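Asks: whatever this is, show me its structure:
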Amino acid sequence: MPQPLSAKESSLFRTVIRNYEDKQYKKGIKAADQILRKNPKHGDTLAMKALIMNSQGKTDEAFALAKVALQSDMKSHICWHVYGLLYRAVKNFEEAIKAYKFALKLEPESTQIQRDLALLQVQMRDYQGYLASRKAMLTSRSQVRQNWTALAVALHLNGELAEAEGVLTTYEETLKNPPSKMDFENSESVMYKNSLIAEQGDIQRALDHLESAGKHNLDRLAVMELRAVYLAKLHRKDEAVKAYRALLDRNSEHKKYYDGLVQAMDIPSSDHKALKAVYDEYADKYPRCDAARRLPLDFLEDNDFHEAADKYINRMLDKGVPSTFANLKHLYSDSSKKEILPALVQEYIDSGKSESNDEPKRSGDSSKGASAAFYFLAQHFSYYLSRNLEKAMEFIDKAIELEPKSVDFHMTKARIWKHYGNTQKASEIMEQARSLDNRDRHINTKAAKYQLRNDDNETALKTLGLFTRADTNGGPLADLQDMQCMWFLNEDGQSYLRQGKFGLALKRFTTIYNVFDVWQEDQFDFHNFSLRKGLIRAYIDMIRWEDQLRNHPFYTRAALAAIKVYISIHDKPLMNGNGNGDLSGEDAAERKKAAKKARKEAQKAEREAVAKKSEPNKPSTGDDAKPKDDDPDGVKLASTADPLADAMKFLTPLLQFSPKNIDAQIAGFEVYMRRKKYLLALKCLLAAATLDPEHSKVHEHIILFKQAIDNESSTLQPNSAAVIKSEFTLLPGPVNLLKYNDDYLSAHKDSARQTMSGLRIRKVLSPDLASSCEKDVATLLKLPTITLDEAKEALDLLKLWRSSELDSFKSNAMAKWPKSSIFESS
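Replies: The predicted structure is shown next:
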């Protein structure tokens, strides 16, 4: 048991707590030491000192001291609470929850411990525990509205919708006076309750509640939208029509309002005339409205489409709206519309309408009339569904001739060069576009992106440095990482991957992984903030978004690339992190040199850490505020002893949150096969085959799986073998794999990508046919349907095989795509 404190020392202990709360850490340590001189085993003081030390960045010492505090007083709720706070600070939420629960047993009435426990439980998605904590908090402080709302949220997250609604109703019944109409928290609570009623499927009651309780709600737009939706679902058509018309009067550009209005009016989708009349009404009512003129183009056909599209395009070209093509390109899925739209633009040019354009030029913009029409046609011929790059270049040059200072026109020209496969020329043109407007962040970003696609990483960083903070330690790269600039990290990583600099590539992809971890952890602050501010609907949306966080395309792209790197490292281990796996000649010497440098830096960092520990009272400099990166080039990441285990860090969330992404399933198969986890590999293979049975990799993996199982049949566990036998039905019974692959090649002889897949397998099954496989890959250039991307894949395959056909393939490819830089000899 701790020694009891005198009145003076009790006052000092309260000072320690106040100093911690005011972030006066040195004073807090000094006061704690005064107490500990007379009471060296006082657990609560030791615990508070540990908490202050943790805030100073001395985490290890803080944990050691907290354990001493617990040994001194195992029955102190303060010691256990502090122990939980320390674990929470290092993101070990499971251990923090255990410590909080123990503290709560010792002090059941502590509001602070109960709140901290509840926040961690919802962070960990322990909804049962969160519900119990919120019930206890409501019982102890039932006069606080926030506790009632929090209990309703806990019930909602736990799937108990009716009970959640009941809690809010009970609180409303306890109010003696109705809340003010301007009470924001009450306004949000009413709308949240309405959403609970609607989620239960009782639309009539939701509408009644909305019209009574929500009559004077502050969120007028949400009330109007929900009322229109409820009326439509209840088939009260006339009222729903009025409700949607009121919304359109508020915002005539919102597509969902038009859809709702048309549905409420019971106009069949085949009645184009009636549908057009609805949109024409709003086009006349709001002359500047774009949606009412563009949306009918989605359903109109033949002459009606021709007439409406002609009016729309003429209007947009007269105004010189840069997004005209972007607004219409979704129509290209219809072949007839794809032909009509460029013909109308050409008619506009030929008719000379642009010469009589009376639209005023605003803010120096003169990209109207003919130049806008040429710009549209350049984008049309650059688009993948209507690609003709020669014509695209011809039209964009005409547009630039008319408007030589147009940033948009130069950007499109750079994009055309990108489609040619000439990243260097594309980068140069995009840099020209950037130079036309040095104050535009968007074009700055585009220029840097194209420089990264050209693997010019240093220049890209300098370009982005024009808009980053100049005073950031570490320069533009550090600022971009601090700002969590995801597109840059992804593009930079992909660039280093193309260059074979695996360490730097992994460094970028790991940074992205860590950013998603930060986003996951950042929600912690909002569990309390959202309830305190009454932002309940936004909070529920945030929780649901966070639950699917790693389904984001940024994460998917980075994870797939990182897995590819780790597989490459596993298949051909590196001597250091920034090579391409070729252990010969000068490259090997460079790797040894880089590895030696990395070891020296690691030893230096270790010596500095030891020196810092030996001089704990030495004042820290500004540079120490931010921890030093001891692996800036990713050498340690790429020198991993178990690359497949590291790949699993990226793969597990990918398979969990993106199960319908076939690339994720293919990556999963590749990793599990190398780890000899055949059941998990089969699971990924079956999922991929379900998603796209014609995918070239699916064919490869079926044969590789069958071959591996046959080779490992003697070592497989009986249970595993039985499951594989019953589930692996992708091959038609006993089959000769070589013949099966030859049949596949014959069936897909016109597809370059699938032919490459078959040839890869043929080389595996019959190594003596390697030479003929290489020749067959080289002859793929003769296929009339082969694309530039497929030719690039063929080039990479021949490089991987170190084929003698490589040089002739490059020559033939350069003849086929003379403006591409992909096939130039390095």
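
Asks: name the helix or strand for the nearest residue to residue 283 once chain neighbours are set aside, please.
Replies: Among residues not flanking residue 283 along the chain, residue 292 sits closest, at 4.1 Å (Cβ to Cβ, 6 or more residues apart in numbering). All C-beta spots, glycine's among them, are computed from the backbone N, C-alpha and C. Taking DSSP states H and E as the definition, one finds residue 292 inside helix 291-294.

Asks: now what about whichever helix or strand comes after that helix, what contacts it?
Replies: Using DSSP H and E, the helix or strand that directly follows helix 291-294 along the chain is helix 302-319. Applying Cβ atoms under 8 Å, 6 or more residues apart in numbering, the external contacts of helix 302-319 come out as 272, 276, 293-294, 296-297, 300, 324, 327-328, 336-337, 340-341, 344-345, 347-348, 353-354, 357, 359, 368-369, 372-373, 376.

Asks: ok, back up a step: is it true that the residue nearest to residue 283 touches residue 286?
Replies: Yes - judged on Cβ atoms under 8 Å, residue 292 makes contact with residue 286 at a distance of 6.9 Å.

Asks: those two: who's more crowded?
Replies: The neighbour count for residue 292 versus residue 286, taken as other Cβ atoms under 10 Å, is higher for residue 292 (21 against 15).

Asks: separation between the more buried one and residue 299?
Replies: 13 Å (Cβ to Cβ, to the nearest Å).

Asks: overlap of the contact sets of these two?
Replies: Joint contacts of residue 292 and residue 299 (Cβ under 8 Å, 6+ apart) do not exist.

Asks: what's next to the helix or strand residue 428 falls within, contact-wise?
Replies: Using DSSP H and E, residue 428 sits within helix 423-435. Helix 423-435 is contacted by residues 407, 410-411, 413-415, 417-418, 420, 440, 443-444, 446-447, 450-451, 453-456, 463, 819, 821 when judged by Cβ under 8 Å, 6+ apart.

Asks: go through the strand or helix carrying residue 412 and flag the buried ones.
Replies: Element membership for residue 412, per DSSP H and E: helix 407-420. Judged by neighbour count (16 or more other Cβ atoms under 10 Å), helix 407-420 contains these buried residues: 407-420.

Asks: got those as JSON lines, with distance to residue 769 and pLDDT columns?
Replies: Output for the buried residues of helix 407-420, formatted as JSON lines (distance: Cβ to Cβ, whole Å; pLDDT from 0 to 100):
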{"residue": "407", "distance to residue 769": "54", "pLDDT": "95"}
{"residue": "408", "distance to residue 769": "52", "pLDDT": "94"}
{"residue": "409", "distance to residue 769": "52", "pLDDT": "96"}
{"residue": "410", "distance to residue 769": "50", "pLDDT": "96"}
{"residue": "411", "distance to residue 769": "48", "pLDDT": "96"}
{"residue": "412", "distance to residue 769": "46", "pLDDT": "96"}
{"residue": "413", "distance to residue 769": "46", "pLDDT": "97"}
{"residue": "414", "distance to residue 769": "43", "pLDDT": "97"}
{"residue": "415", "distance to residue 769": "42", "pLDDT": "97"}
{"residue": "416", "distance to residue 769": "41", "pLDDT": "97"}
{"residue": "417", "distance to residue 769": "39", "pLDDT": "97"}
{"residue": "418", "distance to residue 769": "37", "pLDDT": "96"}
{"residue": "419", "distance to residue 769": "36", "pLDDT": "96"}
{"residue": "420", "distance to residue 769": "35", "pLDDT": "95"}
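
Asks: before we move on, the earlier item: helices - which of the contacts of helix 302-319 land there?
Replies: 272, 276, 293-294, 324, 327-328, 336-337, 340-341, 344-345, 347-348, 372-373, 376 (DSSP state H).

Asks: where's the residue nearest to residue 283 relative to residue 277, distance?
Replies: 11 Å.

Asks: just residue 445 next, same as before
Replies: 43 Å.

Asks: have a look at the two and say which one is more surrounded.
Replies: residue 445 (17 against 12).

Asks: quick one, what contacts the more buried one?
Replies: 464, 487.

Asks: avg pLDDT for the one helix or strand it maps to?
Replies: For residue 445, the host element (DSSP H and E) is helix 441-453. For helix 441-453, the mean pLDDT works out to 96.

Asks: so how far is it off the chain centroid?
Replies: Its chain's average C-alpha position is 20 Å from that of helix 441-453, according to Cα atoms, centre = their mean, to the nearest Å.

Asks: what of stretch 57-64?
Replies: 34 Å.

Asks: report the buried residues of that stretch.
Replies: 61, 62, 63.

Asks: dump the residue contacts of the spatially closest residue to the second one that is not a sequence neighbour.
Replies: What it means is residue 62. Closest residue to residue 62 apart from its sequence neighbours, by Cβ to Cβ, 6+ apart: residue 54 at 3.7 Å. Contact analysis of residue 54 by Cβ under 8 Å, 6+ apart lists 62, 63, 85, 86, 89.

Asks: cool, and residue 238?
Replies: So residue 238 contacts nothing (Cβ under 8 Å, 6+ apart).

Asks: secondary structure element for it, which one?
Replies: helix 237-250.

Asks: mind listing what's buried along that helix?
Replies: Buried, per 16+ other Cβ under 10 Å, within helix 237-250: 239, 240, 241, 242, 243, 244, 245, 247, 248.

Asks: could you do stretch 134-146 as well?
Replies: Neighbour-count burial for stretch 134-146 [16+ other Cβ under 10 Å]: 134, 136, 137, 138, 145, 146.

Asks: as JSON lines, the buried residues of helix 237-250 with distance to residue 815 and pLDDT would be great.
Replies: Below are the buried residues of helix 237-250 laid out as JSON lines (distance: Cβ to Cβ, whole Å; pLDDT from 0 to 100):
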{"residue": "239", "distance to residue 815": "68", "pLDDT": "95"}
{"residue": "240", "distance to residue 815": "63", "pLDDT": "96"}
{"residue": "241", "distance to residue 815": "63", "pLDDT": "96"}
{"residue": "242", "distance to residue 815": "67", "pLDDT": "96"}
{"residue": "243", "distance to residue 815": "64", "pLDDT": "96"}
{"residue": "244", "distance to residue 815": "59", "pLDDT": "96"}
{"residue": "245", "distance to residue 815": "62", "pLDDT": "96"}
{"residue": "247", "distance to residue 815": "59", "pLDDT": "96"}
{"residue": "248", "distance to residue 815": "57", "pLDDT": "96"}
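
Asks: let's have these in TSV, adding distance to residue 12.
Replies: TSV is the format used below for these (distance: Cβ to Cβ, whole Å):
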residue	distance to residue 12
239	70
240	69
241	73
242	71
243	66
244	68
245	71
247	64
248	68
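
Asks: widest-spaced pair of these?
Replies: 239 and 248 (15.1 Å; Cβ to Cβ).

Asks: now for the nearest residue to residue 688 once chain neighbours are set aside, how many residues are close by?
Replies: Leaving aside its chain neighbours, residue 688 sits nearest to residue 665 (4.0 Å; criterion: Cβ to Cβ, 6+ apart). For residue 665, the neighbour count with other Cβ under 10 Å is 28.

Asks: do the one 3 residues further on as well
Replies: Using other Cβ under 10 Å as the criterion, residue 668 is surrounded by 26 other residues.

Asks: surely it and residue 651 touch.
Replies: Yes - Residue 668 is in contact with residue 651 according to Cβ under 8 Å; the separation is 5.9 Å.

Asks: and the gap between residue 271 and residue 334?
Replies: 19 Å.
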